[in-house]
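Participant: starting from these lines, generate the structure:
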Amino acid sequence: MDIISQLQEQVNTIAALAFNTFGTLQRDAPPVRLSPNYPDPPANPTDETINIAEQPKLMSSALVKAAKQFDMLVAALPISEGGEEAQLKRIAELQAENDAVGQELQSQLEAAEQELKQVRKIFSQAADNCLNMKKTD
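Facilitator: The predicted structure is shown next:
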């Protein structure tokens, strides 16, 4: 897999981790009293209190690990040399090379189509000759 695809995959991973982390934090957050005018929120004592306390740590470490992996992939990208003008020049060179190769492929395709026509013509003649030979027998 090329580096750009790896970067895209890593961005998707970070987005999924962030989505799950924020959702879990919202879901598991303890109730909070909004105003002195409201009654105290009901407490939800559960056996999962310890797990809930550990989940944000685990999820944040996974998120940080994914971000570091992304940074590592970005650091592995080739460095652009010469600025925008050099890049545009390189793009023009590659386009010219692509056009030359395209013309060569087009001429090879036309030659192959000509050869195919000849083969079909010879095959047709051979088939006709075989049929004509059988009629005379």
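
Participant: need the next SSE after the lowest-mean-pLDDT helix or strand in the chain, C-terminal direction.
Facilitator: Ranked by mean pLDDT, DSSP states H and E, the weakest helix or strand in the chain is helix 49-75, scoring a mean of 86. Where DSSP states H and E defines the elements, the next helix or strand beyond helix 49-75 is helix 83-136.

Participant: residues contacting residue 9?
Facilitator: For residue 9, the contact set (Cβ atoms under 8 Å, 6 or more residues apart in numbering) comprises residue 1. Where you see a C-beta, it was placed from the backbone N, CA and C, and this is true even at glycine.

Participant: tell me how far residue 38 lies from residue 30.
Facilitator: Using Cβ to Cβ, to the nearest Å, one gets 15 Å for the distance from residue 38 to residue 30.

Participant: okay, and for the chain, where does confidence drop off?
Facilitator: Across the chain, the ranges flagged by pLDDT under 70 are 41-51, 135-137.

Participant: try it again with 80
Facilitator: 28-35, 38-53, 79-82, 134-137 (pLDDT under 80).

Participant: show me which positions of the least confident helix or strand of the chain end up buried.
Facilitator: By neighbour count on 16 or more other Cβ atoms under 10 Å, the buried set for helix 49-75 is 55, 59, 63, 66, 69, 70, 73.

Participant: reformat those as CSV; add distance to residue 121.
Facilitator: Below are the buried residues of helix 49-75 laid out as CSV (distance: Cβ to Cβ, whole Å):
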residue, distance to residue 121
55, 75
59, 71
63, 68
66, 63
69, 61
70, 60
73, 56
